[in-house]
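*Asks:* model the following, please.
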Amino acid sequence: MVPILGTLCYFSGVTSQKSAAKRIAVIAGDGIGQEVIPQALKAIRSSGAEVEFSEFDWSADRYLHDGVTVPPDGFAMLARDFDAILAGAFGDPRVKTNIHAKEILLGMRFKMDLYANVRPVRLLDAALCPLKGVEPKDVDFVVIRENTEGVYTDAGGVFKQGTPDEIATQEDINTRKGVERIIRYAFDYCERHQKLDGSPRHRVLMCDKSNAMTHAGGLWQRVFKEVAGEFPQIETQHMYVDALCMQMVRDPRQFDVIVTNNMFGDIITDLAAGLQGGLGMAASGNIHPGKTSMFEPVHGSAPPIASKNIANPLGAILTAAMMMGHLGLTQESEKIEAAVLAAVRQKKTTSDVGGSLGTREVGEWVANFISRNN
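*Replies:* Numbers count the residues shown, from 1 in each chain. Reported below is the predicted structural model:
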């Protein structure tokens, strides 16, 4: 994707009224984000979705060019002018402090209050899972991660830096409001969303480390029990994060909806991605119900493989499908997901998931599949 200093608008699908199109901001970012996001856009266009894209060059390139991470009023503009945001990845070794990645990605999450990080964990083909005897029906759960608190608030500091007496503190911030709304989101999600086979979801598991983090864990425990009382039809469960990690690789069949804090959610979703074929297959959404939300593939910018046409674009394409579903474009979302499933089954993929195609070739195959079956 070629960086641009302003925005570039174009239309996908056939629409007679501009106002009917969903407005999507596209921020490809750094590294492989600039390779996989164009493939996601191809899939959206092929689905016939009535959308309007505006592309932004917020990235390391932009920061190194003029020192700008996020333009003035940037987040307010996204919230005001767009229905959703499709982001790639952020991080570049040329920016040693990684300040642009922090201000763009965490800025969107924190300043736009995108408090629910939703990461579906779905196995499309048994060949992608490293566990023996595990089929697609066995891996279909979702991790809902609190997205605006915890250690990611960067509260803390360093005292006597560089001396033998150096002290570093990192505060884990948990507010009643933040904990309650993410737990309530998890129960609502469980109640309203089905599994891929059409069966209802029925269990919410809360993950913490309350035996060691007694203050924060105590708050999570109390709120979980209170909110659960409002959803008597939904089963509840609790696991410490270390036990959850063990159980996730021992028997993923037992999981349905998992809710946890920011740091634990970050860690266990990377582990969970391994069950579905790796980070290149994982999608996510950063959501605030009723407000402009941001969708991004789980993988990072992966500088070592950037610009080599070998990055797996399927996570970004599945992220696009997730975004379409969030915007109410259900048929378009299903078309994209069906094309990804076909690509996996026919090995029209990159080498990390058993294929031999490049990034662009996978994107073109998926787009052509959607067009042929439209």
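*Asks:* only C-alpha atoms for contact and neighbour calcs from this point on.
*Replies:* OK.
*Asks:* was I right about residue 358 contacting residue 348?
*Replies:* No. Counting by Cα atoms under 8 Å, residue 358 stays clear of residue 348, with 9.4 Å between them.
*Asks:* more neighbours: the two, which one.
*Replies:* residue 348 (22 against 19; other Cα atoms under 10 Å).
*Asks:* find the nearest non-adjacent residue to that one, please.
*Replies:* residue 355 (5.7 Å; Cα to Cα, 6 or more residues apart in numbering).
*Asks:* now do the contacts for that neighbour.
*Replies:* 347-349 (Cα atoms under 8 Å, 6 or more residues apart in numbering).
*Asks:* distance of it from residue 309?
*Replies:* According to Cα to Cα, to the nearest Å, residue 355 stands 13 Å off from residue 309.
*Asks:* which strands or helices does the host helix or strand of residue 274 pack on?
*Replies:* Using DSSP states H and E, residue 274 sits in helix 262-275. If you count contacts as 3 or more Cα pairs under 8 Å, 6 or more residues apart in numbering; DSSP states H and E, helix 262-275 packs onto strand 116-122, strand 140-146, helix 241-250.
*Asks:* buried residues, the longest one. List them.
*Replies:* I take that to be helix 241-250. Of all the residues in helix 241-250, those buried under the rule 16 or more other Cα atoms under 10 Å are 241, 244-245, 248.
*Asks:* make TSV from the contacts of residue 355 and add pLDDT and distance to residue 66 to it.
*Replies:* Below are the contacts of residue 355 laid out as TSV (pLDDT from 0 to 100; distance: Cα to Cα, whole Å):
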residue	pLDDT	distance to residue 66
347	97	43
348	98	40
349	98	37
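*Asks:* what strand or helix carries residue 75?
*Replies:* helix 74-81.
*Asks:* mind listing residues that contact that helix?
*Replies:* By Cα under 8 Å, 6+ apart, helix 74-81 touches 23, 25, 85, 107-108, 111-112, 291-292.
*Asks:* wait, residue 295 touches residue 85, no?
*Replies:* Yes. Between residue 295 and residue 85 there is a contact under Cα under 8 Å: 6.0 Å.
*Asks:* from the contacts of residue 355, which ones fall inside strands?
*Replies:* Taking DSSP state E, every one of the contacts of residue 355 sits outside strands.
*Asks:* looking at these, which is nearest residue 97?
*Replies:* residue 349 (34.3 Å; Cα to Cα).
*Asks:* switch the contacts of residue 355 over to CSV; also include distance to residue 126.
*Replies:* Compiled in CSV, the contacts of residue 355 are given as follows (distance: Cα to Cα, whole Å):
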residue, distance to residue 126
347, 13
348, 16
349, 15
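*Asks:* what is the nearest of those residues to residue 39?
*Replies:* For these, the residue nearest residue 39 by Cα to Cα is residue 349; the value is 12.6 Å.
*Asks:* sort out which residues of stretch 262-279 are buried, please.
*Replies:* 262-266, 268-279.
*Asks:* how far is it from where the chain is centred?
*Replies:* The chain centre lies 11 Å from the centre of stretch 262-279; the measure is Cα atoms, centre = their mean, to the nearest Å.
*Asks:* quick check: mean pLDDT of that stretch?
*Replies:* For stretch 262-279, mean pLDDT rounds to 97.
*Asks:* neighbouring contacts of it?
*Replies:* Here stretch 262-279 has contacts from 119, 121-124, 128-131, 139, 143-152, 207-208, 241, 245, 248-249, 259, 281-282, 298-299, 315, 353, using Cα under 8 Å, 6+ apart.
*Asks:* name the helices or strands packed onto the helix or strand following the helix holding residue 274?
*Replies:* Downstream of helix 262-275, the first helix or strand assigned by DSSP H and E is strand 285-287. Contact here means 3+ Cα pairs under 8 Å, 6+ apart; on that basis strand 285-287 packs against strand 116-122, strand 293-295, helix 314-326.
*Asks:* who does strand 285-287 pair up with?
*Replies:* Using DSSP bridges, the strands paired with strand 285-287 are strand 116-122 (antiparallel), strand 293-295 (antiparallel).
*Asks:* wait, which of those strands is closest to residue 194?
*Replies:* Closest among the strands paired with strand 285-287, using Cα to Cα: strand 116-122, at 11.8 Å.
*Asks:* buried ones in the closest one?
*Replies:* Buried-residue list, strand 116-122, by 16+ other Cα under 10 Å: 116-122.
*Asks:* circling back: pick the one among the contacts of residue 355 closest to residue 224.
*Replies:* residue 349 (41.0 Å).
*Asks:* give me the number of neighbouring residues for the closest one.
*Replies:* Neighbours of residue 349 (other Cα under 10 Å): 28.
*Asks:* distance of the spatially most central residue of the chain relative to residue 321?
*Replies:* Nearest to the geometric centre of the chain sits residue 284, at 2.0 Å (Cα atoms, centre = their mean). Counting by Cα to Cα, the gap from residue 284 to residue 321 is 10 Å.
*Asks:* likewise for residue 110?
*Replies:* 24 Å.
*Asks:* those two: which is more packed in?
*Replies:* For residue 110 versus residue 321, the count of surrounding residues by other Cα under 10 Å is larger for residue 321: 29 against 17.
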